[in-house]
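Peer 1: sequence unknown, structure follows:
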């Protein structure tokens, strides 16, 4: 009788152990990895950006317009990602001081930044801060004019909503700062389109992005 009871107890313990092991294996399979990376495509709207014309003190504005961006985020730990960020805007320079021939000069801005994200909870959901530094290339649409490249950076906040394990939706607000040499001529080829004074150009941007997470 005692031997039979011991045999039954051993079998029960073995069965419980097998169930526990299987449950642990499933949990390990479905558990979130300690690091997460992603690729995000954004659409947005960028606004602001004012300069001062050096010879007349007239205001030179950048037109508000749509933008798009691409980010590659490389997971470092459960809350932090390294970010490679590219953004693009088609805009134009406008000023009452410009002649009709050169007013509304088409301009494309390319931002190339390296930085990171920090999530307050964990990567993939909730609030986060984002930022980066790098360069901005401004390319005029008028043929024959030289492009200009400046040191720049961005800083922003975001909110990420997970849409399943491998997809997420991001909402972001970013600010850009572009450092410009004081009293410098820009977009020259024989002559220069504009001479500006000031140290920096600032823009704001609202973005919505779709992330593929892995």
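Peer 2: Ah, there it is. Since the model is a prediction, treat every value here as computed from it, not as a measurement.
Peer 1: quick one: the strands in this protein, in order.
Peer 2: According to DSSP state E, the chain carries its strands in the segments 38-47, 50-53, 59-62, 65-75, 80-94, 105-119, 126-140, 148-162, 167-179, 184-189, 191-197, 200-213.
Peer 1: now those strands as a markdown table including mean pLDDT?
Peer 2: A markdown table is the format used below for the strands of the chain (pLDDT from 0 to 100):
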| stretch | mean pLDDT |
| --- | --- |
| strand 38-47 | 98 |
| strand 50-53 | 82 |
| strand 59-62 | 87 |
| strand 65-75 | 97 |
| strand 80-94 | 95 |
| strand 105-119 | 95 |
| strand 126-140 | 96 |
| strand 148-162 | 96 |
| strand 167-179 | 97 |
| strand 184-189 | 62 |
| strand 191-197 | 67 |
| strand 200-213 | 96 |
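Peer 1: mind putting those strands into a markdown table with mean neighbour count?
Peer 2: Where C-beta positions appear, they are placed from N, C-alpha and C, glycine not excepted. As requested, these are exported to a markdown table (neighbours: other C-beta atoms under 10 Å):
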| stretch | mean neighbour count |
| --- | --- |
| strand 38-47 | 18 |
| strand 50-53 | 17 |
| strand 59-62 | 18 |
| strand 65-75 | 18 |
| strand 80-94 | 19 |
| strand 105-119 | 19 |
| strand 126-140 | 18 |
| strand 148-162 | 17 |
| strand 167-179 | 18 |
| strand 184-189 | 16 |
| strand 191-197 | 16 |
| strand 200-213 | 18 |
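Peer 1: is residue 130 in contact with residue 158, as I believe?
Peer 2: Yes. Residue 130 is within contact range of residue 158, at 5.8 Å (criterion: C-beta atoms under 8 Å).
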